[in-house]
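Trainee: take this sequence and fold it.
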Amino acid sequence: ISSLVGNVTVVSQGKQAPASTGLRLLPGDEIVTGKNSIADILFKEDGVIRVSPDTSLKIDALATDGSGRLALANGSVFVALSKLSKTKNFSVKTQTTVAAVRGTSFRVASVNGATEVAVITGKMLVTPVVNGAESEKGAIVVEEKKAVTVDAKAAEAAASGTKEIAVREIPKAESEAIMKDVMSIAPLVVSAPARDAVFVAP
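Mentor: Purely as a prediction, here's the structure:
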């Protein structure tokens with residue numbers, strides 16, 4: 001954890017304690033932010049993860065090759081990653097989707113059972129999740145400056161092949177607002193590869 005604002009706690013091995021800067025998060029740990037609270041997490045040398053207010057985020061898995069998976073129960077996260085090597089992968093799983101990338105900037109929000117994935121730079125693979133299981137059949141690539149919103153019904157339709165996940169353009173005002181958040185994260189990133197991922201043109 002590189003930076004904290006407000007009320008942030010970490011649940012580790014069933015025990016809850018206040019978060020602190022410099023704390024190393026391990027697989028199974030969950031970070032919870034309160035109202036008007038933010039936490040920034042450095043992901044190795046590959047980038048930074050901003051945990052927004054009223055969010056519950058679990059470190060689902062960390063592999064020795066530098067790959068990682070986050071589980072977003074509710075709230076939203078913004079992720080800025082450098083281009084990962086072919087042996088690494090990074091994803092965020094919610095109740096209805098898995099968003100997987102190899103190097104990009106994106107935001108994932110999970111509210112009332114629906115997931116929104118907004119891609120700022122690069123592209124990512126969004127796979128529908130039905131009853132906890134991923135369905136490769138309904139997976140879709142979301143390009144730069146585009147977004148998808150997937151609730152349980154949309155996930156089921158995509159997984160069954162009935163209807164593809166709908167992709168929309170990100171409005172300019174929304175894109176600019178997200179980029180403003182990106183620039184506020186930038187000073188926390190110390191490694192050159194991650195900085196390349198953060199300083200991008202909207």
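
Trainee: bridged to the closest residue to G28 other than its chain neighbours, which residues?
Mentor: Using Cβ to Cβ, 6 or more residues apart in numbering and skipping the chain neighbours, the partner closest in space to G28 is I59 (6.7 Å). Glycine gets a C-beta too; all of them are placed from N, C-alpha and C. Counting by DSSP bridges, I59 forms beta bridges with L70.

Trainee: contacts only, for I59.
Mentor: Contacts were defined as Cβ atoms under 8 Å, 6 or more residues apart in numbering; by that measure I59 touches L25, L26, P27, G28, D29, E30, I31, G68, L70.

Trainee: which pLDDT value belongs to the fifth one?
Mentor: Reported pLDDT at D29 in the predicted model: 96.

Trainee: do the same with the second one
Mentor: At L26 the predicted local confidence, pLDDT, stands at 91.

Trainee: residues in contact with it?
Mentor: S12, I59, L62.

Trainee: gap between it and D60?
Mentor: Going from L26 to D60 by Cβ to Cβ, to the nearest Å gives 11 Å.

Trainee: and what of the third one?
Mentor: P27 sits at a distance of 7 Å from D60 (criterion: Cβ to Cβ).

Trainee: ok, the two, which is more surrounded?
Mentor: When neighbours are counted by other Cβ atoms under 10 Å, D60 comes out ahead of the other of P27 and D60, with 17 against 12.

Trainee: is it true that the more buried one touches F90?
Mentor: No - because the distance of 11.1 Å does not satisfy Cβ atoms under 8 Å, D60 is recorded as not touching F90.

Trainee: shared neighbours, those two?
Mentor: Contact criterion Cβ under 8 Å, 6+ apart; residues shared by D60 and F90: R69.

Trainee: buried ones in stretch 41-49?
Mentor: Of all the residues in stretch 41-49, those buried under the rule 16 or more other Cβ atoms under 10 Å are I41, L42, F43, K44, D46, G47, V48, I49.

Trainee: return the distance of the residue of the chain most remote from its centre relative to S135.
Mentor: Summary for the chain: using Cα atoms, centre = their mean, the residue whose C-alpha lies farthest from the chain's mean C-alpha position is T162, with a distance of 27.0 Å. Here T162 is placed at a distance of 12 Å from S135 (Cβ to Cβ).

Trainee: please apply the same query to I41.
Mentor: Separation of I41 from S135 (Cβ to Cβ): 29 Å.

Trainee: please apply the same query to S76.
Mentor: With distances defined as Cβ to Cβ, the gap from S76 to S135 amounts to 23 Å.

Trainee: equivalent analysis for V167, please.
Mentor: With distances taken as Cβ to Cβ, V167 is found 17 Å from S135.
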